[in-house]
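> this one's structure only:
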């Protein structure tokens, strides 16, 4: 039986100071052009926590509003504030930077995070009120240290942790010589781990699963943890599962740039379907490197810097319960080594081929979840509206296959597409932001199925010029699958023929008796 | 494409648009020389 999607969690961490100090656009600019106008102007373009909280795409990410509701708000959204917004949405939350620093320390197993004593005493009472942080988390936050100790660490290679551009702590290097364990890498990995842990905790709440019943966590983020002898050794998944209290879970990391979440979904669905594991979590933390990635364009256009959040997610895949949406792991789309790189070849591999296997048309899929980047961020940086570009290509393939009238292309995009809402955190926008809503929409009968598509820029690692991508369908539990429908229709035809022959034979026998 | 004949071409493709190798295939038919081809990811 197919495995099912039990539930999802989505979290954002608002980290404006990390935009300044850890985003690679900014760290690179500090090296090549330290006195640039951009670096001078940037702090004035950072948003407050409230501005981030009331920003419609962010509320969509955590489930505060639906993609449909977001689509009804006139864009661009950077000047739009929702009337009501809560820190906690249906799927997760937007955690403020200061509490996130304490969570980073709670996730630190090697005493590498130092926080200033006064900062801790000011922030910890709020941290302890968090509904998902029990004693196992809060007890890991230390009392704090004197500023002098932080200054000493900073002069010995540590990376600063800032609040309103003031030092409140630091992340120390974990080795004197190994660049894979320097403070910058440790900070990146702890941010990924902490944001992942928060999504795991929300997933536990959202699904009401007993933590002890989770067998495996697959981490599909874009960070690598290891040392000089095994640079990408891993295992972020098990490290996060430990802090989240998944005592009986093991873990493994899956990497494929932005395509990794959909690859991981396929792995999880197949592992559960095969009976290897009963409950598998696919999860990923976010990326500090991409903070403020398009900041230069946003500042140049006098816009707020919208890449000020780290994103994370977690989803639970379990054995078929006869209720939740099924994941059709037999019918995956995959961009193979020989698929080719033209847009037509890519969309054929990811959309046309799996639908052909299911014997259904492009228009038979109610929703497509593609690269769901927030267009506020990309359009103002000259990268266009990425989801819309993807929907146009899918629609164009439908026209080419004779499944859609050319004049219906606009309606196809409206009906089968969505506006984007996810932050440009690489793997985070890639197909998976709609999983939570898809489950809800399928259960509520608004849609019957959805194809999730992930794409990855493998060429950025300089090991191949190839692009990557894969796709998988989720549909209403118990609904017939494309090829099953075809087989059953064939089976009905066969039985009808048998009935006709039997009827003819009876008539013939009766005629002989007369 | 005749305008590209005997020219040197630098290609910067877009992951979510037209990738470098696909542009490269088209350029090959024009008589131009591809001196650099890359695909970038803007998201």
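Ah, there it is. Keep in mind that what you see is a predicted model, and the values were worked out from it rather than measured.
> remind me which residues of the chain are low pLDDT?
I went with chain A, as the question did not name one. Low-confidence segments of chain A, defined by pLDDT under 70: A:482-497, A:513-514.
> To clarify, I was referring to chain B.
Applying pLDDT under 70 to chain B flags the ranges B:1.
> please redo it, this time with the cut-off set to 80
B:1-2, B:16, B:42-43 (pLDDT under 80).
> Okay, strands next: where are they in it?
In chain B, the strands defined using DSSP state E lie at B:8-14, B:33-40.
> Mind checking those strands for the one nearest to chain A?
Proximity to chain A (CB to the nearest CB) singles out strand B:33-40 among those, at 5.4 Å. Where you see a C-beta, it was placed from the backbone N, CA and C, and this is true even at glycine.
> by contact count, what packs against the closest one?
Applying 3 or more CB pairs under 8 Å, 6 or more residues apart in numbering or on different chains; DSSP states H and E, one finds that strand B:33-40 contacts strand B:8-14, helix B:20-28.
> Contacts only, for residue 39.
This is for chain A. Applying CB atoms under 8 Å, 6 or more residues apart in numbering or on different chains, we find residue A:39 in contact with A:26, A:29, A:30, A:33.
> nope, chain B please
Residue B:39 touches A:341, A:457, A:459, A:465, A:467, B:12, B:13, B:14, B:15, B:19, B:20, B:21, counting by CB under 8 Å, 6+ apart.
> Identify, from these, the entry nearest to residue A:9.
residue A:457 (26.0 Å; CB to CB).
> can you put the strands of chain B in CSV and add distance to residue A:3?
Listed next are the strands of chain B as CSV, based on distance: least, CB to CB, whole Å:
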stretch, distance to residue A:3
strand B:8-14, 35
strand B:33-40, 34
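> what about residue A:444, distance to residue A:417?
Distance, residue A:444 to residue A:417, using CB to CB, to the nearest Å: 19 Å.
> oh sorry, the question was meant for residue A:136
Distance of residue A:136 to residue A:417, given as CB to CB: 42 Å.
> what sits against the most centrally placed residue in chain A?
By CA atoms, centre = their mean, chain A has its centre lying nearest to residue A:428, at 3.3 Å. Residues in contact with residue A:428 (CB under 8 Å, 6+ apart) are A:284, A:286, A:287, A:311, A:312, A:313, A:422.
> buried stuff in stretch A:438-454?
A:438, A:439, A:440, A:441, A:442, A:447, A:449, A:450, A:451, A:452, A:453, A:454 (16 or more other CB atoms under 10 Å in any protein chain shown).
> returning to what we had before: now, among the contacts of residue A:39, which is nearest to residue A:352?
Residue A:352 lies nearest to residue A:26 out of those, by CB to CB, at 41.2 Å.
> mind checking how far the helix or strand containing that closest one is from the chain centre?
Taking DSSP states H and E as the definition, residue A:26 sits inside helix A:24-32. Distance of helix A:24-32 from the chain centroid (CA atoms, centre = their mean, to the nearest Å) equals 27 Å.
> Next, see if that helix gets close to chain B.
No: judged by CB under 8 Å from any CB of the partner chain, helix A:24-32 stays clear of chain B, getting no closer than 12.3 Å.
> counting contacts, what elements does that helix pack onto?
Applying 3+ CB pairs under 8 Å, 6+ apart, one finds that helix A:24-32 contacts helix A:16-22, helix A:37-41, helix A:295-300.
> Out of those helices, flag the one nearest residue A:203.
Nearest of the helices and strands packed on helix A:24-32 (CB to CB): helix A:16-22, 24.0 Å.
> tell me how far the closest one is from the chain's mean position?
With CA atoms, centre = their mean as the basis, helix A:16-22 stands 21 Å off its chain's centre.
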